[in-house]
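Peer 1: Structure for this input, please:
(one chain, ligands or ions: 1)
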Amino acid sequence: MLEEQHPLVGWSDVANSPEMVETIKKNKRSAVGWTWVFTLLFPVGFLIAGLLSDEVPLNEALIIGIGLGLLILAINLWRIAGMKKPVWDGVVMKKVEKKRYKRDNDDGSSQSYMEYIVLIRTERGKKKRIVERQRDRAMYDYLDVGDRVRYHPALETYEKYDKSKDQVIYCNVCRLRNSIRNDRCERCNNLLFK
Ligand SMILES: [Zn+2]
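Peer 2: Have a look, this model is predicted:
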């Protein structure tokens, strides 16, 4: 019965359910809210620092604070604009592991870290990349070459077309790994995309 309700092969209807549409709206509202908080945090923080500290001139503190605030605003507006883009489907073409180096500014030495990249070709022929680092490689392990995937920009998460061989499913709202037997996420209680 459960299998019939949630066939594990195919795109989920959950994304279009009234409940998820409401969750997506809330998600966007909170993204906008946090954008304002962080945009104002820096100017206010540096203003206070400028007023309280004798070492930091007030005008310099304000310039730095407003500059950082605007930078945060730009990054977040860019991200929110991305959340309004249409859903796209694609196929995993390749998975690559790369060793990267990050220079430590303090002593000039460099540190290595791993980057895990999933290359996807969309139905429109565009190339997309999922880039994960170090231990945070959930999608790299979850997706295989040949898998069909759908990207949900409003939630900034991926859905796999064929979930029939999987033991786990990732929550498309909070990204927690759940058992494939769950219908709702154990952490945020939102519907899983199956
Ligand atoms: Zn969740």
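Peer 1: ok, and what's touching stretch 171-188?
Peer 2: 6, 8, 14-15, 23, 27, 138, 152, 155, 157-159, 163, 166-170, 190-194 (Cβ atoms under 8 Å, 6 or more residues apart in numbering). C-betas here are computed from N, CA, C, even on glycine.
Peer 1: Report all helices and strands that the longest strand anywhere in the chain contacts.
Peer 2: Of all the elements of type strand in the chain, the one with the most residues (DSSP state E) is strand 88-103. In this structure, strand 88-103 packs against strand 110-122, strand 148-152, with contacts taken as 3 or more Cβ pairs under 8 Å, 6 or more residues apart in numbering; DSSP states H and E.
Peer 1: now with 10 Å?
Peer 2: Judged by 3 or more Cβ pairs under 10 Å, 6 or more residues apart in numbering; DSSP states H and E, strand 88-103 is in contact with strand 110-122, strand 127-133, helix 138-142, strand 148-152, strand 157-160.
Peer 1: sorry, back to before: helices - which of the contacts of stretch 171-188 land there?
Peer 2: 23, 27, 138 (DSSP state H).
Peer 1: Let's have these in JSON lines, adding pLDDT and distance to Ser179.
Peer 2: Converted to JSON lines, those look like this (pLDDT from 0 to 100; distance: Cβ to Cβ, whole Å):
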{"residue": "Thr23", "pLDDT": "95", "distance to Ser179": "21"}
{"residue": "Asn27", "pLDDT": "89", "distance to Ser179": "24"}
{"residue": "Ala138", "pLDDT": "96", "distance to Ser179": "15"}
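Peer 1: Give me the distance between the spatially most central residue of the chain and Val87.
Peer 2: Nearest to the centroid of the C-alpha atoms of the chain, with distances taken as Cα atoms, centre = their mean, sits Glu156, at 4.8 Å. In this structure, Glu156 lies at 12 Å from Val87, with Cβ to Cβ, to the nearest Å as the measure.
Peer 1: Please report phi then psi for the residue of the chain most remote from its centre.
Peer 2: When distances are taken from the C-alpha mean of the chain, Asp54 lies farthest, 40.7 Å away, according to Cα atoms, centre = their mean. Backbone torsions for Asp54, taken as degrees, to the nearest 10, come to phi -80, psi -20.
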